[in-house]
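Undergrad: the sequence and its predicted three-dimensional model are supplied below.
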Amino acid sequence: MSDIAGRLADVRARIARAAESVERDPAEIQLLAVSKRKPAAAVLAGLRAGLRDFGENYVQEAVAKHEELKALLEGSDLPTPRWHLIGPLQRNKSKPAAALFSCIQSVDRESLAEELARRAADRSAPLEVLLQVNLGRETQKAGLAPDAVPALLARCAEWPALTVVGLMAIPEAQSEAEASRARFAQLAQLRDRLRDLPGGARIEQLSMGMSGDFEVAIQEGATIVRVGTAIFGAREETAQ
């Protein structure tokens, strides 16, 4: 846990260098700390180091971690974490997901969006979502085909309890970060085309880039980078 603050400082410095290399303001880029499979104590250490937003892949894991953190944060002046779902979501988990997460980044079908809209109806503010795009049309991967995005975006605009604020993508695995540049550019171009379409007025966010390639993603317009290993260490490491 003692290494998290140092790793975080290094990641923030890398974000700043990447942004400045294309004349962007580093403050435009949200760092989402991917805490999946890490204990609540790691999230607590991240909060102490200045993190606020955390990404989880599994609803049940996030709910359990949230409950554990409530006890750990009792009497503390640290902020409560903002949780983002970045993994695939089953419809039967929509109720707890809509209650817990500040943003769901993995909406990829109309049936899921409709269920989330129903479950989010009692929230004090609309649930923010990103549409997940399968840029390479990989059969084993979740996400909408790029040409299917406009229809779902327009459908989501019919549900006041949901607000689509951007797009998310996980490009094909590459051995070199530079090899993902074309996919990141593709997502940015899709976002720009959507802005003038029904439901596209609030499309701003691009969630793309992870520990191995987030600098390239930032250079291509990422507004959210999802970083886990570079902050918390390799996933197979067991926190004590």
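TA: Nice, thanks for sending it over. Computed from a prediction, not measured in an experiment: that's the story for all the values here. Residues are numbered from 1 along each chain as shown.

Undergrad: when you work out contacts or count neighbours from here on, use the C-alpha atoms and nothing else.
TA: Noted.

Undergrad: host element of the residue of the chain positioned farthest from its centre?
TA: When each C-alpha in the chain is compared with the mean C-alpha position (CA atoms, centre = their mean), G75 comes out farthest, at 28.9 Å. Per DSSP states H and E, G75 falls between elements, in no helix or strand.

Undergrad: now it: phi and psi?
TA: Main-chain dihedrals, G75, degrees, to the nearest 10: phi 80, psi 0.

Undergrad: what separates it from L69, distance-wise?
TA: 12 Å (CA to CA, to the nearest Å).

Undergrad: over to Q186?
TA: Taking CA to CA, one finds Q186 at 38 Å from L69.

Undergrad: which one's more surrounded, the two?
TA: L69 (18 against 13; other CA atoms under 10 Å).

Undergrad: go through the protein and flag its longest helix.
TA: Among the elements of the chain assigned as helix by DSSP state H, the one spanning the most residues is helix 4-21.

Undergrad: list the helices and strands that one packs on?
TA: helix 40-48, helix 214-219, helix 229-232 (3 or more CA pairs under 8 Å, 6 or more residues apart in numbering; DSSP states H and E).

Undergrad: which one of those helices lies closest to I203?
TA: helix 214-219 (17.2 Å; CA to CA).

Undergrad: for the closest one, packing partners?
TA: By 3+ CA pairs under 8 Å, 6+ apart, helix 214-219 packs against helix 4-21, helix 181-194, strand 224-227.

Undergrad: mind checking how far it is from the chain centre?
TA: 15 Å (CA atoms, centre = their mean, to the nearest Å).

Undergrad: in the longest helix of the chain, what's buried?
TA: 4-5, 7-8, 11, 15-19 (16 or more other CA atoms under 10 Å).

Undergrad: show me what that helix is in contact with.
TA: Identification of contacts with helix 4-21 by CA atoms under 8 Å, 6 or more residues apart in numbering yields 25-26, 29, 45-46, 49, 214-216, 218-219, 230-232.

Undergrad: low-confidence regions, this structure specifically.
TA: Within the chain, the segments meeting pLDDT under 70 span 1-2, 235-240.

Undergrad: just put the buried residues of helix 4-21 in CSV and tack on distance to T223.
TA: Below are these laid out as CSV (distance: CA to CA, whole Å):
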residue, distance to T223
I4, 22
A5, 22
R7, 20
L8, 18
V11, 15
I15, 11
A16, 13
R17, 15
A18, 12
A19, 10
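
Undergrad: and which of those residues is nearest P150?
TA: Of those, the one sitting nearest to P150 (CA to CA) turns out to be A19, at 29.0 Å.

Undergrad: can you tell me how far that closest one is from A62?
TA: 31 Å.

Undergrad: show me what contacts L194?
TA: L194 neighbours (CA under 8 Å, 6+ apart): 150, 200, 203.

Undergrad: gap between it and D147?
TA: Relative to D147, and taking CA to CA, L194 is found at 11 Å.

Undergrad: what do you get for A98?
TA: With CA to CA as the criterion, A98 and D147 are 27 Å apart.

Undergrad: tell me which of the two has more neighbours.
TA: Neighbours were counted for A98 and for D147 using other CA under 10 Å; A98 has more, 24 against 10.

Undergrad: next, the buried residues of the host helix or strand of that one.
TA: Here A98, judged by DSSP H and E, is contained in helix 94-100. For helix 94-100, burial by neighbour count (16+ other CA under 10 Å) applies to 94, 96-98, 100.
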